[in-house]
Every structure is written in structure tokens, then in C-alpha cells.
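Participant: Here you go, sequence then predicted model.
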Amino acid sequence: MTDTPAHTTLDKLQIWQQNLNKSHIVQLTLLNSTPPREWDILALQEPSLNSLGNTRANTHWRVVYPTAKYTNGDKPRVVTLISSRISTDAWKQIEFPLADVVIVQIRMSQGMCTLFNIYNDCTHDDTVSALERYMPENLPALRPTEQDHLVWLGNFNCHHPLWDEDRNNHLFTEAALAASQKLIDILADYGLTQILPKDIPTLQSTSSGNWTRPDKVFCTDHTCGTLVSCNTDPERRGPNTDHVPVLTQFDMSLAASVESPSWNYHEVDWEKFNSAINNTLSNTPPPPRLDNVEAFQTAARNLDTALRNTVEALVPKTRPHPHQK
């Protein structure tokens, strides 16, 4: 069990990871018993969902659903909760084609940190196969430079001697090892290292009481240099649930937020602005009868272009106040 210290400033990246088995009680217990100032990210697998596929949170968290939440009618099996203390300017979501992965990219002082929250079904390897297809094409956006970081965590539902205890050799079937090897090959291709040490179990079977290791955490090799701790805390797993939380802390701080200049419409000479846009529109062919989609889109593009060009030419920009937080 790890003793992760509380922190009130964003000088560390602290992640709570747990499979909730779709339990409403476990999720509410987690939200009500986890001090929001201690954790930056809650990476949840199999969260509690209502009939619309939405989960529960509170004002301390911003919920990030899979971008494919409504694809094929599938309900998400992962959600990522990001502390509301972290400005939305400091992170963004990256699209993934399945509802079993949430990708969030956070701007840290040490480079971009792209966090994958992953659920891989215990009956098939569709998610791992999707990751295998996804990574080569999207790697430039996921890791723009060699100094940037990748973190994969979640419930992978596979067993192998590299992470499970040796006494669980009855789980190392030929099919299980083949499925695990597929994941291991992908990790090797992208320089991802296991940081939750071998022989630390994360799941206790409700029927047999046996401990196994379906939950894992991986990161790029150089990211290990920022790792403070990665361990489980069985005492905090919640009522009537079989997965224990995995608690990870990186010695990374958020990058300073940079405010971009914005348009200052208070200082516009509107007579000059109206004259300029009228001249621009007079040089644009008048739209024909808008009786089809193509004609409407053409007219809309012409109007939008005229507005944008006039704004850029005649509207000044504000300068951020030097003492603004």
C-alpha cells in the first residue's frame, strides 16, 4: 500500500485508477471519500451509468466521456474525471474510435502528457486491436516530441508472468499468453514500461477469494524518471467491490497558462467597419435563389469570409493584463 501525500498545488500529477464494476454505491463512496485536493485525475473503468449512458460526479470534477460514446449505441466502459482545479486551457481530449478508451492530453512543464484510460473486454481483444491500428497514424499528435509522455492505464483483463504472481500459473493458458503477447508487442513498439511492479494484485475474486492482476499502468521509458510512486491501496477499495484502487504520482507540474490576445470590439470604428464590409460584399457575386444545400453553403461561406477578413483588418486585439492570474 502506498502512502500518497496530499497536495494543494498542481506541482504533482496524481492519478486514482479503479474499476468500479458499474456499482452506484462504490462510485458515490469514491466521490464522497476522496479529497478532491489530493487527486488530479480519476481514471474509472466500468463506472456507474444511468439509462442515458451518463455517469455521476460532483462540482469538483469535469467528466470526460469517450468520443465514441454514442457510436453503435455502445455505453462507455471508461470515464475520466479531471479536477476542476485544472484549467480547461491546460488539457484537451483526443478522439478514439471505440467507447472503451478515453484519451486526455495535459500540458505539463515537462512536456505533453497523454493519458490513455483503457478497458479491454475479458472475452475479446477488440480494444487492444484498435490501439494497435490507432497508434501509428496518430502518434505525432499523441507525442509531438521525444520529450513528451505517454501513460497507459486501465483494466486490460489479461494474464502473464510479467505482472501476475507466479502462483497463478493456472491462468497462463496458451490463449491468455497469446493475448498478453499482443499487448506486450505494442508496448515495446512505443517504448512503454510497466510501472506497477509485478506481483502486486489488483483484483480479489468474489467467488474464490483469489488475487489476480488485470489492472496495469505503463508509461514511456523517460517518464519513469518523474515517477514518485505507483502502488495499490486495498483499504480504500470501497464497499462490496473486487478491484482495489491503483494510485500513481508523477513529479510533473502544470505548464503556465498563456492567454492569447482576443478581439477588442469596444475600440472598433463601426462606421469604417460597416463601410469596409459593404465594399467587400459588393464585390462578391450576389447569392442565387437558396433552393438547395450547395447554394446555401456557398452563400454562407462568402459571408463568413467577408466578416473574418474585415474583423482581422479593422478590429484591434486586447493585451492581457500583466498582473492577471
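Facilitator: Done, it's in.
Participant: Count the neighbours of the closest residue to L196 other than its chain neighbours for me.
Facilitator: Nearest residue to L196, sequence neighbours excluded (CB to CB, 6 or more residues apart in numbering): V217, at 4.5 Å. From N, CA and C alone the C-beta is placed, and that goes for glycine too. Residues lying near V217 (other CB atoms under 10 Å) number 24.
Participant: Equivalent analysis for R77, please.
Facilitator: 26.
Participant: and it, what pLDDT?
Facilitator: The per-residue pLDDT reported for R77 equals 94.
Participant: Provide the partner residues of the residue nearest to it when sequence neighbours are not counted in its beta bridges.
Facilitator: Excluding the flanking residues, the one nearest R77 by CB to CB, 6+ apart is Y119, at 4.3 Å. Going by DSSP bridges, Y119 is paired in beta bridges with N155.
Participant: Next, find the distance separating the residue of the chain positioned farthest from its centre from Q297.
Facilitator: In the chain, counting by CA atoms, centre = their mean, S282 sits farthest out from the average C-alpha position, at 47.5 Å. The spacing between S282 and Q297, counted by CB to CB, to the nearest Å, is 21 Å.
Participant: and L192, how many neighbours?
Facilitator: Counted with other CB under 10 Å, L192 comes out at 21.
Participant: again, but for H243
Facilitator: 22.
Participant: who's it bridged to?
Facilitator: L203.
Participant: right, and it touches T206 too?
Facilitator: No. If you go by CB atoms under 8 Å, H243 and T206 don't touch, sitting 10.7 Å apart.
Participant: immediately after whichever strand or helix holds the residue nearest to L196, which helix or strand?
Facilitator: Per DSSP states H and E, V217 falls inside strand 215-220. Using DSSP H and E, the helix or strand that follows strand 215-220 in sequence is strand 227-232.
Participant: quick one: buried residues of whichever helix or strand comes after that next one?
Facilitator: Later in the chain than strand 227-232, the nearest helix or strand by DSSP H and E is strand 246-250. The neighbour-count check on strand 246-250 (16 or more other CB atoms under 10 Å) flags V246, L247, T248, Q249, F250 as buried.
Participant: for stretch 166-178, same thing?
Facilitator: So stretch 166-178, judged by 16+ other CB under 10 Å, has buried residues N168, L171, L177.
Participant: Adding secondary structure and distance to R213, write the residues you listed out as a markdown table.
Facilitator: Converted to a markdown table, the buried residues of stretch 166-178 look like this (DSSP: H, G, I helix; E, B strand; the rest coil; distance: CB to CB, whole Å):
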| residue | secondary structure | distance to R213 |
| --- | --- | --- |
| N168 | helix | 8 |
| L171 | helix | 9 |
| L177 | helix | 14 |
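Participant: Of those residues, which is the nearest to K198?
Facilitator: N168 (11.6 Å; CB to CB).
Participant: Check the gap between the closest one and P214 for me.
Facilitator: Taking CB to CB, one finds N168 at 11 Å from P214.
Participant: Now do the shared contacts for the two.
Facilitator: H159 (CB atoms under 8 Å, 6 or more residues apart in numbering).
Participant: Just list the residues touching I186, thanks.
Facilitator: V128, L131, E132, M135, L192.
Participant: mind checking how far the helix or strand encompassing the third one is from the chain centre?
Facilitator: Following DSSP H and E, one finds E132 within helix 126-142. Taking CA atoms, centre = their mean, to the nearest Å, the mean C-alpha location of helix 126-142 is offset from the chain mean by 14 Å.
Participant: For that helix, the averaged confidence score.
Facilitator: 96.
Participant: Tell me the buried residues in it?
Facilitator: For helix 126-142, using 16+ other CB under 10 Å, the buried residues are T127, V128, A130, L131, Y134, M135, L142.
Participant: who's in contact with that helix?
Facilitator: 94, 96-98, 100-101, 103, 105, 114, 116, 118-121, 150, 156, 179, 182-183, 186, 189-190.
Participant: hmm, try it at 7 Å
Facilitator: Under the contact criterion CB atoms under 7 Å, 6 or more residues apart in numbering, helix 126-142 has outside partners 94, 96-98, 100-101, 114, 118-121, 150, 182-183, 186, 190.
Participant: Just give me how far the helix or strand hosting S275 sits from the chain centre.
Facilitator: Here S275 sits within helix 270-282, counting by DSSP H and E. The chain centre lies 45 Å from the centre of helix 270-282; the measure is CA atoms, centre = their mean.
Participant: Remind me what that helix packs against, helices and strands.
Facilitator: helix 293-314 (3 or more CB pairs under 7 Å, 6 or more residues apart in numbering; DSSP states H and E).
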